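>>> could you look at this predicted model? Sequence included:
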Amino acid sequence: MNKKCMAANWKMFKTRQEAEETTRELMSLTAAKLPSDREVLLIPPFTAIASVAATIGSKTGFGVGAQNFYPAENGAYTGEISPDMLLDLGCSWALVGHSERRHLFHEDNEFLAQKVRFGLERGLNIILCIGETLNERKNGQLATILNKQLTSALSDIGYTDIASRLVVAYEPVWAIGTGEVARTEDIREAHDYVRSELKKIFSSAADSIRILYGGSVKPDNISEIITLDNVDGVLVGGASLQAESFSRIVLG
Ligand code: 13P
């Protein structure tokens, strides 16, 4: 069975030195305490990936991910980074479809499907982020939106080891960076729905695909969230920037 994935999305924060210091502090705060059924995934900006990977070394229970990549092997794509370049840095995971990429950078479902396919093909493990806006929720479109985001990104993917290569992160847009955490019944409803949709796509393999919750996760709400059925980890923004607060989430 896969471990619970406790992921830190550092977004556009931290120099190399700051990222190294936070990583070192986090490793020391969690040393000998990290439960064997949990793993930590640090997702720094591109510029700090190599430093974080070197700081982690071969420590078990810790991994490194990227926040983005471009779905091509190489080529004339000024400013972009390929999956091979990330793998070369010691990075084995990447986010695809974070709401900030969807909304600020206009990445649509079709482009995100290309990214998922290409990233997996080149050997990255993928965390596909999905979630509805407040308006979509108010208009009763939760299921329609999640269905569209999942089926468009995942329908053509057929790997036998999919459960260890793919994670889905449910992050309601209205709960990201707002301090407004979804109610446990909202999280339960969305995660149950995601699981049932994954089953339609991947049959029994879907039982082991991890579904993370993200959106204003903090040390004081982690225990309530992490114990819900179908919550297999969390994707944390603001509260992951300080080692002290993220360590309490990781161990919480
Ligand atoms: P916050 O934890 O700051 O709400 O951010 C969530 C997020 O976007 C993680 O990817």
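Arrived safely.
>>> next one: the helix or strand hosting Lys199 to chain centre, how far?
When elements are defined using DSSP states H and E, Lys199 is found to belong to helix 184-202. Centre-to-centre, helix 184-202 and its host chain are 16 Å apart (C-alpha atoms, centre = their mean, to the nearest Å).
>>> quick check: mean pLDDT of the helix or strand following that helix?
Next along the chain after helix 184-202, taking DSSP H and E as the criterion, comes strand 210-214. What strand 210-214 shows for mean pLDDT is 98.
>>> how about the CA coordinates for strand 210-214, as CSV?
Presented in CSV, the C-alpha positions along strand 210-214 are these (Å, rounded to 0.1, in the frame of the first residue of the first chain):
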residue,chain,number,x,y,z
ARG,A,210,-3.6,8.4,-3.7
ILE,A,211,-6.0,11.4,-3.4
LEU,A,212,-4.6,14.4,-1.6
TYR,A,213,-6.5,17.3,-0.1
GLY,A,214,-5.1,20.9,-0.5
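>>> residue ranges for the helices of the stretch 1-150 of the chain, please.
In the stretch 1-150 of the chain, the segments counted as helices under DSSP state H, counting those that start in this stretch are 16-30, 46-56, 83-88, 99-104, 109-122, 134-138, 142-154.
>>> so which elements touch the last one?
Which is helix 142-154. Contacts defined by 3 or more C-beta pairs under 8 Å, 6 or more residues apart in numbering; DSSP states H and E place helix 142-154 against helix 109-122, strand 125-130, strand 166-170, helix 184-202. For glycine as for every other residue, the C-beta is placed from the backbone atoms N, C-alpha and C.
>>> could you dump these to a markdown table with distance to the ligand?
Shown next, in a markdown table, are the helices and strands packed on helix 142-154 (distance: least, C-beta to the nearest ligand atom, whole Å):
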| stretch | distance to the ligand |
| --- | --- |
| helix 109-122 | 15 |
| strand 125-130 | 7 |
| strand 166-170 | 7 |
| helix 184-202 | 13 |
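>>> great, nothing more from me.
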